[in-house]
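Engineer: Sequence first, predicted model second:
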Amino acid sequence: MVVALILQTAASVASELTFERDIRPILRAHCLDCHGATDMPEGGLDLRQVRRMLSGGDSGTAIVAGNADGSLLLQRVRDGEMPPGETKVTAKELETLTKWIASGAKTARPEPKTFRPDWGSLRKNASTGRFDRFTVLKCRLFATISGTACERRSIRFCCRRCRKG
């Protein structure tokens, strides 16, 4: 009896959709190039985190947790308006998005308030000769710099820290 209850609980946890496991891969494949890969996401809509979807963009709230029909994101996807181009969200992916929003748009864990440093901009600095690739690699491995961009002062601190450790 106890074993059956444990198995049933484990199955229900595994069947719950989460942003990290089920939704982020769909958004990464279809949406994040325009709505999360740059400092200025198109339409002011950042889809990298659930809390950013809930706050929305220029057109309003992207999702309404618990109300799939009231979610602008799903309306735009269903109408074929998003994503632009030939590659569209599949019926299975749309069903997954719909179920996730209808079930409350859950995440597996609390979302961070800020993102890790923008290592892409640091790579650009490396190509200009200011920081060699080894320094970039060391900073990437050992630094914990908060914010969205790496400042020269922070990188120098990181490099000193890497030399010591």
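Structural biologist: Arrived safely, thanks for sending. Numbering: from 1, shown residues only.
Engineer: Enumerate every residue touching the closest residue to Thr18 other than its chain neighbours.
Structural biologist: Counting by C-beta to C-beta, 6 or more residues apart in numbering, Ala108 is the residue found nearest to Thr18 once chain neighbours are left out, at 4.3 Å. (Glycine included, C-beta is placed from N, CA and C.) With contact taken as C-beta atoms under 8 Å, 6 or more residues apart in numbering, Ala108 is in contact with Thr18, Phe19, Glu20, Arg21.
Engineer: Now that we have those, which of them are buried?
Structural biologist: Thr18, Phe19 (16 or more other C-beta atoms under 10 Å).
Engineer: Widest-spaced pair of the contacts of Ala108?
Structural biologist: Across the contacts of Ala108, the longest distance by C-beta to C-beta is 7.7 Å; it joins Phe19 and Arg21.
Engineer: Let me see the confidence value for Pro112.
Structural biologist: Looking at Pro112, its pLDDT reads 85.
Engineer: got it, and Gly120?
Structural biologist: At Gly120, pLDDT is 48.
Engineer: cool, Glu151 as well?
Structural biologist: As summarised for this prediction, Glu151 has a pLDDT of 44.
Engineer: repeat for Met40
Structural biologist: For Met40, the predicted pLDDT is 85.
Engineer: Dihedrals phi and psi, Ala108?
Structural biologist: phi -80, psi -30 (degrees, to the nearest 10).
Engineer: can you give me the helices in this structure?
Structural biologist: In the chain, the helices defined using DSSP state H lie at 2-15, 24-30, 50-55, 72-78, 91-102, 119-127, 133-142, 152-164.
Engineer: just checking, what packs against the second one?
Structural biologist: Helix 24-30 is packed against helix 91-102, with contacts defined by 3 or more C-beta pairs under 8 Å, 6 or more residues apart in numbering; DSSP states H and E.
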